[in-house]
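**Q** The following comprises the amino acid sequence and a computationally predicted model.
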Amino acid sequence: MSNSQDTNRLAVGTAGSYSRADVVETALNILDEFGLADLSMRRLAGVLDVQPSALYWHVPNKQTLLALVADQIIDRAAVVNPDDFVKAGSLDWKARTLAEATAIRDGLLAFRDGAEVVSSTLALGLGAGEALARIRAGIDGFCSDAEVARVAAESILFLVLGQVWHEQQRMQADSLGVVAPAVGATPEDAQLANEDEVQRIDSFEFGIQLILDGLEKKLAATR
């Protein structure tokens, strides 16, 4: 995550020297350091040392700003090379879809409240559509039914957003000391509810595999 020096690195120069990219970059830094609740147009203007009204030359409202921030969060997720999942001329669509979902998950975790930002903009239909497109790219390699592929991709994306949102909330609560030690979350064991488990399941991968296996069986039954 960014530090306070990153947050303030753009707070120099004249108001006219800022581009939309500068505004979005500064908003990302504020989000990462202070969280979504403190990402306001007034705070953003203060960091950039401009009047809040000056921001509207670049973004008409906060919803648009958050959509641009969400797009940046997804854009910065690691790129998956589809060629890595082709063997003997056949695409391992499940492995690619899992890789895309994992890259998006890691991208969300790279920014404080990343899942909440992306989820809220998706709900309003304003941004972060690339996340759905990336997940669907793998599914489209197997499923020719566009509507089924869309629903399957949405199901996986909702799982990703929900789990990361839960994980980030738990991590924040744990840092404040308001979560019982038995269910505390850290970056290393955020998904582990019991330190004494004999066998631990990666719930993220397991959940996605369930969706993909179900999709495969459903399509096989209709062919």
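**A** The structure has been received and is ready for your questions. All values reported here derive from a predicted model rather than from experimental measurement.

**Q** As a check, name the ranges of all strands in the chain.
**A** With strands called from DSSP state E, the chain shows them at 86-87, 90-91.

**Q** which helices and strands does the last one pack with?
**A** In this case it means strand 90-91. The contact analysis (3 or more Cβ pairs under 8 Å, 6 or more residues apart in numbering; DSSP states H and E) places strand 90-91 against no helix or strand. The way it works is simple: take the backbone N, C-alpha and C, and place the C-beta from them, glycine included.

**Q** Strand partners (parallel or antiparallel) of it?
**A** strand 86-87 (antiparallel) (DSSP bridges).

**Q** would you list the strands of the chain in CSV and tack on mean neighbour count, distance to residue 29 and mean pLDDT?
**A** CSV is the format used below for those (neighbours: other Cβ atoms under 10 Å; distance: least, Cβ to Cβ, whole Å; pLDDT from 0 to 100):
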stretch, mean neighbour count, distance to residue 29, mean pLDDT
strand 86-87, 11, 38, 88
strand 90-91, 12, 38, 86
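
**Q** out of everything not next to it in sequence, what's closest to the residue nearest the centre of the chain?
**A** For the chain, the residue nearest the mean C-alpha position is residue 108 (3.1 Å; Cα atoms, centre = their mean). Using Cβ to Cβ, 6 or more residues apart in numbering and skipping residues adjacent in sequence, the residue nearest residue 108 is residue 114, 3.9 Å away.

**Q** what's the spacing between that neighbour and residue 76?
**A** The gap separating residue 114 from residue 76 is 10 Å, by Cβ to Cβ, to the nearest Å.

**Q** Quick check, residue 150 in contact with residue 140.
**A** No. Using Cβ atoms under 8 Å, residue 150 makes no contact with residue 140, being 9.6 Å away.

**Q** Quick check on the two: which one has the bigger neighbour count.
**A** Using other Cβ atoms under 10 Å as the criterion, residue 150 and residue 140 rank with residue 140 on top: 19 against 15.

**Q** okay, now the nearest residue to that one once chain neighbours are set aside: neighbour count?
**A** Residue nearest to residue 140 in three dimensions, not counting chain neighbours: residue 149, with 5.4 Å by Cβ to Cβ, 6+ apart. If you count neighbours by other Cβ under 10 Å, residue 149 ends up with 21.

**Q** for the lengthiest helix in the chain, what is the average pLDDT?
**A** Using DSSP state H, we find that the single longest helix of the chain is helix 146-175. Helix 146-175 comes out with an average pLDDT of 90.

**Q** Counting neighbours, which bits of that helix end up buried?
**A** 149, 152-153, 155-157, 159-161, 163-165, 167-168, 170-171, 174 (16 or more other Cβ atoms under 10 Å).
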